[in-house]
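**Q** my questions concern the predicted model and sequence given below.
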Amino acid sequence: MAKKRLYKSKNERVLFGVCGGLGKHFGIDPVLVRVAFIALVFAGGSSIVAYIALAILTPNEPDSAA
C-alpha cells in the first residue's frame, strides 16, 4: 500500500498552493481549507505561522509525467 504524501498543489494555487495541497490530501474542497485558515487568523492568528511553515516545509507537487 502506497503512502499518500502531502504536496503543495500546482493547480489549486492562490499563494503557495498549501491549501490546495491540503484539500487534495484530505479529499475536501480547497476553498473550505482556505476558509478555515482565514477563520483561524481571526480567532488568534496561529494559522499564519502554520501556513508559512507549511509553505516552507511542504514539497511541490511532482510532475505527473514523472
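**A** Yes, it's here. Residues are numbered from 1 along each chain as shown.
**Q** so who does the residue nearest the centre of the chain touch?
**A** With distances taken as C-alpha atoms, centre = their mean, Val18 lies nearest the centre of the chain, 2.4 Å away. Val18 makes contacts with Lys8, Tyr51, Leu54, Ala55, Thr58, as judged by C-beta atoms under 8 Å, 6 or more residues apart in numbering. In this view, the C-beta of every residue, glycine as well, is placed from N, C-alpha and C.
**Q** would TSV of those with secondary structure and neighbour count be doable?
**A** TSV is the format used below for the contacts of Val18 (DSSP: H, G, I helix; E, B strand; the rest coil; neighbours: other C-beta atoms under 10 Å):
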residue	secondary structure	neighbour count
Lys8	strand	22
Tyr51	helix	18
Leu54	helix	19
Ala55	helix	14
Thr58	coil	19
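**Q** ramachandran angles for Ala36?
**A** Backbone torsions for Ala36, taken as degrees, to the nearest 10, come to phi -60, psi -40.
**Q** actually Asn60, not the one I wrote
**A** phi -70, psi 150.
**Q** that one contacts Arg5, correct?
**A** No: with contact defined as C-beta atoms under 8 Å, Asn60 does not reach Arg5; the gap is 11.5 Å.
**Q** residues touching the closest residue to Asn60 other than its chain neighbours, list them.
**A** Leaving aside its sequence neighbours, Asn60 sits nearest to Lys8 (C-beta to C-beta, 6 or more residues apart in numbering; 5.3 Å). By C-beta under 8 Å, 6+ apart, the contact set of Lys8 is Phe16, Gly17, Val18, Gly20, Gly21, Ala55, Thr58, Pro59, Asn60, Glu61.
**Q** sounds good, over and out.
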